[in-house]
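J.: Build me a model from this:
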Amino acid sequence: MSKKTVLLVGGLAVLAAAGAGLHYKAPAYLENRFRTILSSPDSDLRGEFSDFEMSLLGRTLAAKNVKLIDPNGVTYTIGSMHLNQVNWLTLIGANPFGNGIAGQADLEELAIAYDAYGITTPKAELGDLAMDLASRNFDITTGRADLQNLTISDGDIRRINIDHLLAENAGSANIDALNITGWKMDDQETKITSSIDNMSFAGCAGPADLIASFDPDIARDFAICDDISATTLSFADDAGLEMSVDAIALSGLESRVIKSGTLTGLSMQQPDNPAKLAIGEISLADFRVDLTGDMIDLDTRLSMADVRKMAENTSFQTIIVKNPVISDEEVEIALDNVTLRDMRDGRLAGIDITGSHITQKTPDGPANFDLDGLSVTDLDLMAITGFGEIYDVADEMVGQHIDQFEDFTLGQMNLPLSQALYGAFSINGLSFSGAPDGEKVEIRLDSFKSTLEKPFTPESSALTFVKVNNSTLEGLHATLDDSITGGNDTAIYLGINSFDDLVLDVSNSIIWDETASDFVYSIDKVALRDIGQIGLSVTVTGINDDVMTRLLKTRIGDDAALEQALTVDAAFRGARLEISGEKMLPFALGVASLLNGNTAEDMKMLVTMNLMQAQEQFADDATLYDAFGELLTWVDDPRHLLIELAPQEPVAMGMAAGGLMFPQMGAQMLGLRITANGQ
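T.: Residues are numbered from 1 along each chain as shown. Predicted coordinates for the structure are as follows:
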């Protein structure tokens, strides 16, 4: 054996002997070091332990009755602790490569306490345990955690029990994944108990931000979790209210934002109350709420002002509610689908409701209301809540004098122009069927549509109004019991085959043309299909921008301002009444005869006699004489009638009203013209 070889073997022997010596001396050395650190008054981390054991070469460490107190006053107690794959350099604060403490940590009887808050578990298994000893908060992270029978408490106020908790890459700053099974909570403050079979979290913020996210006064944005899901949720309070949810899934959850979310299988009821609520599914996208706790007092009844704040501070892309059902012992309301679209700055782009059904139990059998569809576009919730404040005042005024309404303006009451509450409103397939008092009734409406167009905001006004208001009702049908209508004999008497043939169509409009200063109210059509129709329009001029602005701002109780606007500023430009359809007059006379007991022929003769007497009375006035002659022609042959008031120049409203009291003067001043059958 060479000298060199002898030296190498000897050196290894010396190193081995030194290592063996260190192996036996290290436990005492590290135990003393740990005790010194934990007992030093200058140490940020204080505590104690017993039954210390370790193996330097085996990389294990064990202790019992461990107690640690961090700088924030959080106390950790561990009945028994066993660490494997220990990184000794980290424990002595000399690891330049990282902060890993142990590959595996098995803890028994773990308890964490801070003031009245506490967390306990009989067993915790932690993998890839690390601690940032350079941080004053001693931030702890674990690559994986398995805790069983976990209890979280807030003194005697609330208590949460968890059967099993699994976590991956969890620490104070973030939690990559968390799964909880068997979650139960008892809140003595709110008297609410709840349970959840399973919850999963992914890509979440750490505990501090998660706790802060439940504070309604927090106004800053921060991410909470990428994804959260839960199944089989139940809630109950001491009033007997019970609520359950099959599943919840949320994505992109922030302090004030939910990127997307779905809730399925919601039901709610009280055992001593027959009312029930059930919803098949609720889904939402890009939902954001910017409310803070001081904006609304949730302990009082919500006012319209509170609703306005909620509308101002809530936005979303869509909310979809599927198969909601509300019911009690007498009524059931069921909808197929409700969709809310694009809520921004207090405006809702659209509401769509499909498949509505209401059933009400009555002594005469069920009454059914059905609606195929309802749609509203460009809904201004700020204007609606402002308009709704009138009804808040009305509620407060019960039993008081109605004069208190006089403080509201005409504009607030939607007069003479409508506020821009929405863009378009429509319903399709509305029907009612039932048997009130034992008499069968069926009413059907094919469609109704209202549009509000050309919005404008008067100077120095907070309200927006529309210059054009159109509405159309199409296809109103009615099937009535013979005991109400008199059966087919009555229908034939009125000139129709059956009351089922009666179909009503109506359209009307309100138009303000500020350029011409004209305000036009039109009943464009009131039509009974295959019978005839009536149209009426009235035009008032002199309503320029200044007059309309003053009128909209005029208080209801300001008689002088109203008189100024209606009798001085406004002028009568014209009116038009048109009746067409040769069956219209006979039908009207037949209905009148049924009401007063005369025959239709008697009614026609009575009308003819009155017109002839009037014509004779005004025989010396060519305009009136010819007008009554045209009316007589129409009564005899009622195909078409046109009555027009068309003054050569606009007539002040005060004078126009007076002219109606003096027929001869009024006919000339207002330009009366009557034409029968296009002659």
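
J.: show me where pLDDT drops low in the stretch 251-400 of the chain?
T.: For the stretch 251-400 of the chain, the stretches with pLDDT under 70 are 292-302, 388-400.

J.: what residue ranges in the stretch 401-550 of the chain are flagged as low confidence?
T.: In the stretch 401-550 of the chain, residues with pLDDT under 70: 401-405, 482-487, 489.

J.: residue ranges of the helices in it, please?
T.: Counting by DSSP state H, counting those that start in this stretch, the stretch 401-550 of the chain has helices at residues 482-485, 487-493, 545-553.

J.: Need the winner for burial among those.
T.: Neighbour counts (mean count of other C-beta atoms under 10 Å) averaged over each of the helices of the stretch 401-550 of the chain peak at helix 545-553, with a mean of 18. Every residue, glycine included, has its C-beta placed from N, CA and C.

J.: Sketch out the helices for the stretch 1-150 of the chain, chain order is fine.
T.: Listed in chain order, the helices of the stretch 1-150 of the chain (DSSP H, counting those that start in this stretch) span 3-39, 88-91.

J.: Quickly, which of those helices bottoms out on average pLDDT?
T.: Sorting the helices of the stretch 1-150 of the chain by mean pLDDT places helix 3-39 lowest, at a mean of 54.

J.: center of the protein, which residue is that?
T.: Among the residues of the chain, residue 340 comes closest to the average C-alpha position under C-alpha atoms, centre = their mean, at 7.7 Å.

J.: tell me which element that residue is part of?
T.: Following DSSP states H and E, one finds residue 340 within strand 331-344.

J.: Low-confidence ranges, the stretch 551-679 of the chain, go.
T.: Scanning the stretch 551-679 of the chain for pLDDT under 70 picks out the ranges 658-661, 679.

J.: next one: stretch 146-161 to chain centre, how far?
T.: For stretch 146-161, the separation from the chain centroid amounts to 35 Å (computed by C-alpha atoms, centre = their mean, to the nearest Å).

J.: Okay, now it: how far is its last residue from its first?
T.: 15 Å (C-alpha to C-alpha, to the nearest Å).

J.: same question for that stretch, mean pLDDT?
T.: 91.

J.: List the contacts of it.
T.: Residues outside stretch 146-161 that contact it (C-beta atoms under 8 Å, 6 or more residues apart in numbering): 110, 116-126, 162-166, 182-189.

J.: can I assume residue 76 is in contact with residue 46?
T.: No. With contact defined as C-beta atoms under 8 Å, residue 76 does not count as touching residue 46 (11.0 Å).

J.: Those two: which is more packed in?
T.: Taking neighbours as other C-beta atoms under 10 Å, residue 76 and residue 46 compare with residue 76 leading, 19 against 16.

J.: hmm, back to that, turn the helices of the stretch 401-550 of the chain into a markdown table, columns for distance to residue 130.
T.: Formatted as a markdown table, those follow (distance: least, C-beta to C-beta, whole Å):
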| stretch | distance to residue 130 |
| --- | --- |
| helix 482-485 | 84 |
| helix 487-493 | 90 |
| helix 545-553 | 69 |
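
J.: Which among those helices is found nearest to residue 432?
T.: Go through these one by one with C-beta to C-beta and the one that ends up closest to residue 432 is helix 482-485, at 14.3 Å.

J.: Distance check, residue 653 against residue 563.
T.: Separation of residue 653 from residue 563 (C-beta to C-beta, to the nearest Å): 10 Å.

J.: These two: which is more packed in?
T.: residue 653 (19 against 12).

J.: list the contacts for that one?
T.: With contact taken as C-beta under 8 Å, 6+ apart, residue 653 is in contact with 540, 566-567, 570-572.

J.: ditto for residue 206
T.: 171-175.

J.: Compute the number of surrounding residues for residue 469.
T.: Residue 469 is flanked by 20 other residues according to other C-beta under 10 Å.

J.: does it really touch residue 420, like I thought?
T.: No. With contact defined as C-beta under 8 Å, residue 469 does not reach residue 420; the gap is 10.0 Å.

J.: Identify the contacts common to the two.
T.: residue 452.

J.: could you flag which of the contacts of stretch 146-161 are buried?
T.: Buried members of those, scored by 16 or more other C-beta atoms under 10 Å, are 110, 118-121, 124, 126, 162, 165-166, 182-183, 185.

J.: Widest-spaced pair of those residues?
T.: Within those, 126 and 185 form the most distant pair, 24.8 Å apart (C-beta to C-beta).

J.: about what we covered before: check which residues of the helix or strand just after the strand holding residue 340 are buried.
T.: Note on strand 331-344: by DSSP H and E, the next helix or strand toward the C-terminus is strand 347-360. By neighbour count on 16+ other C-beta under 10 Å, the buried set for strand 347-360 is 347-351, 353-354, 356, 358-359.

J.: Looking at these, which is nearest residue 412?
T.: Distance to residue 412, by C-beta to C-beta, is smallest for residue 347 among those, at 19.5 Å.

J.: quick revisit: was I right to think the residue nearest to the centre of the chain contacts residue 350?
T.: Yes. Counting by C-beta under 8 Å, residue 350 is a contact partner of residue 340 at 7.5 Å.

J.: ok so, going back, intersection of neighbour lists for residue 76 and residue 46?
T.: 68-69.

J.: Residue 541 touches residue 649, doesn't it?
T.: No. Using C-beta under 8 Å, residue 541 makes no contact with residue 649, being 10.0 Å away.

J.: More neighbours: which of the two?
T.: Neighbour totals were compared for residue 541 and residue 649, and residue 541 leads with 21 against 9 (other C-beta under 10 Å).

J.: which residues does that one contact?
T.: By C-beta under 8 Å, 6+ apart, the contact set of residue 541 is 516-519, 570-573, 650.

J.: Quick one: buried ones out of those?
T.: Buried subset of the contacts of residue 541 (neighbour count, 16+ other C-beta under 10 Å): 517-519, 570-573, 650.

J.: Can you lay out those residues as TSV showing distance to residue 427?
T.: What follows is the buried ones among the contacts of residue 541, written out as TSV (distance: C-beta to C-beta, whole Å):
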residue	distance to residue 427
517	35
518	31
519	28
570	34
571	38
572	35
573	34
650	39
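
J.: Now do the same for residue 203: its pLDDT.
T.: Value for residue 203, per-residue pLDDT: 95.

J.: contacting residues for it?
T.: 174, 176-177, 225-227.

J.: ok, 10 Å please
T.: 174-177, 223-228, 251-253 (C-beta atoms under 10 Å, 6 or more residues apart in numbering).

J.: Likewise for residue 274?
T.: If you count contacts by C-beta under 10 Å, 6+ apart, residue 274 has them with 327-331.
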